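> The amino acid sequence is not available; the structure is as follows:
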């Protein structure tokens with residue numbers, strides 16, 4: 001529900017050619033589903049370290065996020081964008097980002113902002 005709520009935030013709305021763009025309900029469901037699948041025991045990512053920022057996997061998890069961002073951008077900027085695949089990468093990247101904050105002491109260190 002946290003991911004869905006975040007994707008529904010009006011601050012994510014962008015105006016392009018005088019039209020407001022935001023995630024559709026279908027897009028939000030796809031992104032949330034991809035996020036949840038990372039923790040599904042039947043999916044290979046469940047047992048991997050990088051998707052979860054666990055066991056000193058900071059470097060691999062960081063590379064994963066950069067790779068997924070690049071792949072996401074590539075998918076949505078193709079002459080025929082692949083929104084379904086892009087949303088799958090976005091959901092998986094969000095899971096990894098969420099796990100960074102859940103599995104680290106970032107908040108306990110008193111850091112108020114994002115790790116850039």
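The structure has been received and is ready for your questions. Please read these numbers as outputs of a predicted model, since none were measured by experiment.
> how far away is the nearest residue to residue 15 once chain neighbours are set aside from residue 10?
Spatial nearest neighbour of residue 15, excluding adjacent residues (CB to CB, 6 or more residues apart in numbering): residue 21 at 7.4 Å. In this view, the C-beta of every residue, glycine as well, is placed from N, C-alpha and C. Residue 21 sits 12 Å away from residue 10, going by CB to CB, to the nearest Å.
> Looking at those two, which is more packed in?
Taking neighbours as other CB atoms under 10 Å, residue 21 and residue 10 compare with residue 21 leading, 11 against 7.
> For that one, give me phi and psi.
Backbone torsions for residue 21, taken as degrees, to the nearest 10, come to phi -110, psi 130.
> hey, where'd the helices end up in the protein?
2-8, 25-37, 58-77, 83-103 (DSSP state H).
> Tell me which of the ones you listed lies nearest to residue 16.
The closest of these to residue 16 is helix 58-77. By CB to CB, the value is 12.5 Å.
> now the angle from that closest one to helix 83-103?
Using axes from the mean of the first three to the mean of the last three CA atoms, to 10 degrees, the inter-axis angle of helix 58-77 relative to helix 83-103 is 160 degrees.
> Any buried residues in helix 58-77, and which?
Along helix 58-77, these residues count as buried under the neighbour rule (16 or more other CB atoms under 10 Å): 61, 64, 65, 68, 71, 72, 75.
> From residue 52, how far out is the residue sitting nearest the centre point of the chain?
Closest residue to the average C-alpha location of the chain: residue 94 at 2.1 Å, with CA atoms, centre = their mean. Applying CB to CB, the value for residue 94 to residue 52 is 13 Å.
> Next: residue 27.
From residue 27 to residue 52 the distance is 24 Å (CB to CB).
> Look at these two and report which has more neighbours.
More crowded of residue 27 and residue 52, by other CB under 10 Å: residue 52, with 21 against 16.
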